[in-house]
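Asks: What follows is a predicted protein model with its sequence.
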Protein chains: 2
Amino acid sequence: MKAVILLSGGMDSAVCCAIAQSEGFSLYALHVRYHQRTSEKELRCAHALATHYHVHDFKELSINFLQEIGGSGLIDSSIELPVTEKDAHAIPPSYVPFRNSILLSYATAWAEVISAEAIFYGANSIDFSGYPDCRPRYFKAFQALIDAGTKDDTRIRLRTPLATMSKAEIVTRGVTLQVPFQLTWSCYIDPDMACGVCDSCRLRLKGFKTAGVTDPIVYRS
Amino acid sequence: MKAVILLSGGMDSAVCCAIAQSEGFSLYALHVRYHQRTSEKELRCAHALATHYHVHDFKELSINFLQEIGGSGLIDSSIELPVTEKDAHAIPPSYVPFRNSILLSYATAWAEVISAEAIFYGANSIDFSGYPDCRPRYFKAFQALIDAGTKDDTRIRLRTPLATMSKAEIVTRGVTLQVPFQLTWSCYIDPDMACGVCDSCRLRLKGFKTAGVTDPIVYRS
């Protein structure tokens, strides 16, 4: 029973990995780099998690095109990333246009080739940054795309087990599954010491605090 | 009025380009290489077509991952490609798993960044090789994915004007629009002289013959 897992190196991907493994899947990890600011650090974390979880295969995919077309503060350092609470309904500048479709399309291609039954993706639609391609209706649409665009005898389920969990619930679940959170990275901005103030750091810190768990990584502020 | 067009260098992409231009779109051409056997030749044809149609921008995207995961005779020369009529319902070994979703996801990302209104893709569901990701229901699913996965104020229409045309009708339409068919390439196997016997050559030859038009490129057999 095989599953492709998108392993970014972030805490959600780590918890998702633990869930997939607990269900008995043999894991095929796909790590995607797209010149985001902290990509080297994320790759090291993904490697460490892959080793920890004894994944069957690890593939690294480098995407230059997203940098070439621009349009995201995650990639283009001339676009400022927010460090304060934002309008809950606005899409922040860290949004990378249609990124998840690119990632999931590669994952599906690989899943079809190795006859995997599932793709695990640690996306979260509760404590998230409001990206359109993280909403439940988006993942439903992607499942329909898989069903329409693969061979008729292919059965691949897109699994997003964290989709409806709060960040605190993800932390709690991770603790139960003994996830090595010290091997994960969330900061969008600084690859050496987490800034503590970007969207991603704030969501992570809030999650650990609400769960009553100490985050093992060190923050600047 | 901008449109991203997937410009492979094949005859369908050329006719599609002519249609998009005739509708008044400013064209942003995306050429994708994925280590298929005739990729160098296809790139030269795509460049020639881009020059002919005065595209506003031309981007070349190289995908290594499809070669890395294998699974297609278009990429892996150890997999034999058919040179005879096949079972009409079988998916041939030239199928590249989920390739179109990867291509269209990149096209959508670019379209969203430049605020394009359309993506033109010269896919054809009549005289085609039976790939699951060329069927009408697949393109309908991809449109739903675009709608779900882009910002709410983004309006991108996925246009497949050749979808319901026969190859002969595509040739006839191309002749009407003065498409330079001599600048296009279709052969899956030989980048120097079209083999005349692979799936793609046979569909092309049949189309020109039925349309009563002479194909300007030279064939070996």
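Replies: Thanks, I have the structure now.

Asks: Going by neighbour count, which residues in stretch A:184-204 are buried?
Replies: A:184-191, A:194-204 (16 or more other CB atoms under 10 Å in any protein chain shown). Heads up, the C-betas are built off the backbone N, CA and C, glycines and all.

Asks: how many other residues sit next to the residue nearest to A:Met193 when sequence neighbours are not counted?
Replies: In space, A:Met193 comes closest to A:Arg220 once its chain neighbours are excluded; the distance is 4.9 Å by CB to CB, 6 or more residues apart in numbering or on different chains. Neighbour count for A:Arg220, taken as other CB atoms under 10 Å in any protein chain shown: 13.

Asks: these two touch, right, A:Arg220 and A:Asp192?
Replies: No - in this structure A:Arg220 lies outside contact range of A:Asp192 using CB atoms under 8 Å: 9.2 Å.

Asks: in chain A, which strand has the most residues?
Replies: For chain A, the longest strand by residue count, based on DSSP state E, is strand A:26-33.

Asks: So what touches it?
Replies: A:1-9, A:17, A:20-21, A:39, A:42-43, A:46-47, A:49-50, A:53-63, A:102-103, A:106-107, A:110-111, A:114, A:116 (CB atoms under 8 Å, 6 or more residues apart in numbering or on different chains).

Asks: now those residues: which count as buried?
Replies: Looks like the contacts of strand A:26-33 have A:2-9, A:17, A:20-21, A:39, A:42-43, A:46-47, A:49-50, A:53, A:55, A:58-59, A:61, A:63, A:102-103, A:106-107, A:110-111, A:114, A:116 buried, using 16+ other CB under 10 Å.

Asks: Strands - which of the residues you listed land there?
Replies: Short answer: the buried ones among the contacts of strand A:26-33 in strands (DSSP E) are A:2-6, A:58-59, A:61.

Asks: quick check, nearest of these to B:Pro136?
Replies: Nearest to B:Pro136 out of those is A:Val4 (CB to CB; 27.3 Å).

Asks: quick one: contacts for the closest one?
Replies: So A:Val4 contacts A:28-30, A:107-108, A:110-111, A:114, A:116, A:118-120 (CB under 8 Å, 6+ apart).

Asks: Mind giving me the packing neighbours of the one helix or strand in chain A whose mean pLDDT sits lowest?
Replies: Every helix and strand of chain A was ranked by mean pLDDT, DSSP states H and E. The lowest is helix A:65-69, at a mean of 81. Under the contact criterion of 3 or more CB pairs under 8 Å, 6 or more residues apart in numbering or on different chains; DSSP states H and E, helix A:65-69 touches strand B:57-62, helix B:99-114.

Asks: and after the longest one, which helix or strand comes next?
Replies: Read it as helix B:99-114. Next helix or strand after helix B:99-114 toward the C-terminus (DSSP states H and E): strand B:118-120.

Asks: Show me what that following strand is in contact with.
Replies: So strand B:118-120 is contacted by B:2-6, B:16-17, B:19-20, B:25, B:104, B:107-108, B:111, B:156-161 (CB under 8 Å, 6+ apart).

Asks: same check, this time on stretch A:131-142
Replies: So stretch A:131-142 is contacted by A:91, A:95, A:98-101, A:104, A:121, A:123-125, A:128, A:158, A:160, A:163-164, B:141, B:144-145, B:147-152 (CB under 8 Å, 6+ apart).

Asks: One more pass at 7 Å, please.
Replies: A:91, A:95, A:98-101, A:104, A:123, A:125, A:128, A:158, A:160, A:163, B:144-145, B:148-151 (CB atoms under 7 Å, 6 or more residues apart in numbering or on different chains).

Asks: For that stretch, measure first residue to last.
Replies: 15 Å (CA to CA, to the nearest Å).

Asks: Show me what counts as buried in it.
Replies: In stretch A:131-142, counting by 16+ other CB under 10 Å, buried: A:131-135, A:138-139, A:141-142.

Asks: among the contacts of stretch A:131-142, which ones are buried?
Replies: A:91, A:95, A:98-101, A:104, A:123, A:125, A:128, A:158, A:160, A:163, B:144-145, B:148-150.

Asks: Which members of those occur in helices, if any?
Replies: Under the assignment DSSP state H, those contribute A:99-101, A:104, B:144-145, B:148-149 to helices.

Asks: I'd assumed A:Ile5 was in contact with A:Ala107.
Replies: No - at 8.3 Å, A:Ala107 does not count as touching A:Ile5 under the criterion of CB atoms under 7 Å.

Asks: For chain A, which residues are neighbours of chain B?
Replies: A:59, A:61, A:65-66, A:68-71, A:91, A:97-98, A:100-102, A:105-106, A:108-110, A:112-113, A:132-133, A:135, A:137-138, A:141-142, A:144-145, A:148-151 (CB under 7 Å from any CB of the partner chain).

Asks: what is the mean pLDDT for stretch A:151-164?
Replies: The pLDDT scores in stretch A:151-164 average 93.

Asks: Just the CA atoms from it would do, formatted as CSV, please.
Replies: What follows is stretch A:151-164, C-alpha atoms only, in CSV (Å, rounded to 0.1, in the frame of the first residue of the first chain):
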residue,chain,number,x,y,z
LYS,A,151,-6.4,6.0,-16.5
ASP,A,152,-9.8,4.5,-15.7
ASP,A,153,-8.3,1.8,-13.6
THR,A,154,-6.3,4.3,-11.5
ARG,A,155,-7.6,4.9,-8.0
ILE,A,156,-5.8,7.7,-6.2
ARG,A,157,-7.4,9.4,-3.2
LEU,A,158,-6.2,12.8,-2.3
ARG,A,159,-6.0,12.8,1.5
THR,A,160,-5.8,16.0,3.5
PRO,A,161,-6.2,14.7,7.1
LEU,A,162,-5.4,18.0,8.7
ALA,A,163,-7.8,20.0,6.6
THR,A,164,-10.4,20.6,9.3
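
Asks: To what extent is A:Leu177 buried, counted in neighbours?
Replies: 14.

Asks: neighbouring contacts of stretch A:178-185?
Replies: A:9-11, A:14-15, A:18, A:38, A:41-42, A:45, A:48-49, A:52, A:174, A:215-217.

Asks: Enumerate the positions of it that are buried.
Replies: Those would be A:179, A:181, A:183-185, for stretch A:178-185 by 16+ other CB under 10 Å.

Asks: And those residues, which is closest to chain B?
Replies: The shortest gap between chain B and any of the buried residues of stretch A:178-185 belongs to A:Trp185, at 23.0 Å (CB to the nearest CB).

Asks: A strand includes that closest one, no?
Replies: No - under DSSP: H, G, I helix; E, B strand; the rest coil, A:Trp185 sits outside any strand and is assigned coil.

Asks: Who's the closest spatial neighbour of it, skipping the chain neighbours?
Replies: A:Trp185's closest residue in space is A:Cys45 (CB to CB, 6+ apart), at 4.6 Å.
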